[in-house]
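In: Need coordinates for the below:
(one chain, ligands or ions: 2)
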Amino acid sequence: MSPWSQSDFYLRLDDLAFLFDLKTDKIKKELSSLQIETVSGQGKTHVKPEGVRRYLEHKGFKYQSQVISFQMLKGGVSKTTSCLNIGLRAAMYGFRVLFMDLDQQANLSFALGVDDLEVPVFINVLEKKISMQNAVIPIVEEQIGLLPSNLNNSVIERVLLNGTKNLGRVVKAPLEEVQGSYDLILIDTSPSLSALNTAVTCASDLVILPINPDKFTLFGAQKHLADLDQIREDFDLDLEIKLLFTKYDGREAASEAYFNQCLELFGNKMIRSFVRQTTEIKNTIASGKTIYDSKGNAKSDYDRVSRDILGIW
Ligand SMILES: Nc1ncnc2c1ncn2[C@@H]1O[C@H](COP(=O)(O)OP(=O)(O)OP(=O)(O)O)[C@@H](O)[C@H]1O
Ligand SMILES: [Mg+2]
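Out: Ligands and ions are numbered 1, 2, ... in the order given. Sure, this is the predicted structure:
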């Protein structure tokens, strides 16, 4: 079912060398002395995720388990794009990643190659028709999983509002079932302040709010932040919140002005690296490849953002 193969998630050796400011020959020798395999073909050398993991651990990196959700009440700001590309890069850096699609529009599921009205989705887990573990589809065996979404999830809100469910546990409890199998759980959400998104917030260690250079997004971010503060207080959460600036257009003075305004407004909640506006993002989704196959802005921006978020050098 999955359009991906394991080799789509191998890390380029020159990307690993760049990370440690080493020449590729030098890092190749170091990998070989650690008995970490490299894979060569079509003029490129790659390292498998398990090899990258061993190398980063050797350098002192600790893989910690984390739940990150992507939220913003305003639509079209790059929630899905950021969730997808940060997750794919994390997989290349050796993280075991679970994507959880909780947007009934299911764009994340489509991007990962799952477009099916028959597959189990979160509503089935919520109604205890299937366990979370059994509902997860392996995208890459033992490395990337997906709890897909589809329009069947459109009744979740009614179930949550009519029922007696504890929003603090609705998403958190099923995640606890599978958390041991993943380092990173990434949740994509719909553009709203829904009850489901409150439950997502209660299950998150970190909420990332993507923002774009326009005044509606800034207004949306302020409203969303106020809502998150309220949820944090109501449920007594230990929650981190960050804002990620995307669709930065260097040709427009407005982008820089908005970015600076965000730095002033949101201070250290802002992730310092940002993602530029680029057509590569749409093109790669259409081609079934990742942005990390190319050498463009999308790759370098999301690589930097992923490393910032995951704390990789
Ligand atoms: N950095 C970027 N440069 C250019 N286009 C982008 C960028 N990031 C996202 N896009 C495009 O913007 C559109 C919206 O992105 P995306 O679907 O990720 O937003 P979203 O916040 O998930 O939207 P929704 O609220 O509908 O779920 C998509 O067509 C996507 O390809
Ligand atoms: Mg989306």
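In: okay, CA-based contacts and neighbour counts for the rest of this
Out: OK.
In: so Q105 touches P148, yeah?
Out: No: if you go by C-alpha atoms under 8 Å, Q105 and P148 don't touch, sitting 10.6 Å apart.
In: And those two? Which one has more around it.
Out: Taking other C-alpha atoms under 10 Å, Q105 and P148 do not tie; P148 has more neighbours (30 against 17).
In: List the contacts of the more buried one.
Out: Residues in contact with P148 (C-alpha atoms under 8 Å, 6 or more residues apart in numbering) are 100-102, 106, 108-109, 114, 119-122, 136-137.
In: Give me the residue at the spatial middle of this protein.
Out: C83 (2.9 Å; C-alpha atoms, centre = their mean).
In: Assess the claim that it and V77 are in contact.
Out: No: using C-alpha under 8 Å, C83 makes no contact with V77, being 11.6 Å away.
In: got any residues that touch both of these two?
Out: Common neighbours of C83 and V77, counting by C-alpha under 8 Å, 6+ apart, are absent.
In: give me the residue from the stretch 151-300 of the chain nearest ligand 1.
Out: Of all residues in the stretch 151-300 of the chain, the one sitting closest to ligand 1 is Q277 (3.4 Å; C-alpha to the nearest ligand atom).
In: Count the neighbours of that residue for me.
Out: When neighbours are defined as other C-alpha under 10 Å, Q277 has 15 of them.
In: quick one: it from P191, how far?
Out: According to C-alpha to C-alpha, to the nearest Å, Q277 and P191 sit 20 Å apart.
In: what does C83 give?
Out: Distance from C83 to P191, by C-alpha to C-alpha: 14 Å.
In: Get me the contact residues on the stretch 151-300 of the chain for ligand 1.
Out: Within the stretch 151-300 of the chain, the positions adjacent to ligand 1 are 190-191, 246-247, 275-279, 281-282 by C-alpha under 6 Å from any ligand atom.
In: From start to finish, how long is stretch 194-213 in a straight line?
Out: Using C-alpha to C-alpha, the end-to-end distance of stretch 194-213 comes out at 24 Å.
In: I'd like the average pLDDT over it.
Out: The pLDDT scores in stretch 194-213 average 98.
In: Next: stretch 45-64.
Out: 96.
In: Mind listing what's buried along that stretch?
Out: 45-56, 63 (16 or more other C-alpha atoms under 10 Å).
In: Including distance to Q143, could the residues you listed go into CSV?
Out: Shown next, in CSV, are these (distance: C-alpha to C-alpha, whole Å):
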residue, distance to Q143
T45, 21
H46, 17
V47, 15
K48, 11
P49, 9
E50, 9
G51, 13
V52, 13
R53, 12
R54, 15
Y55, 17
L56, 17
Y63, 14
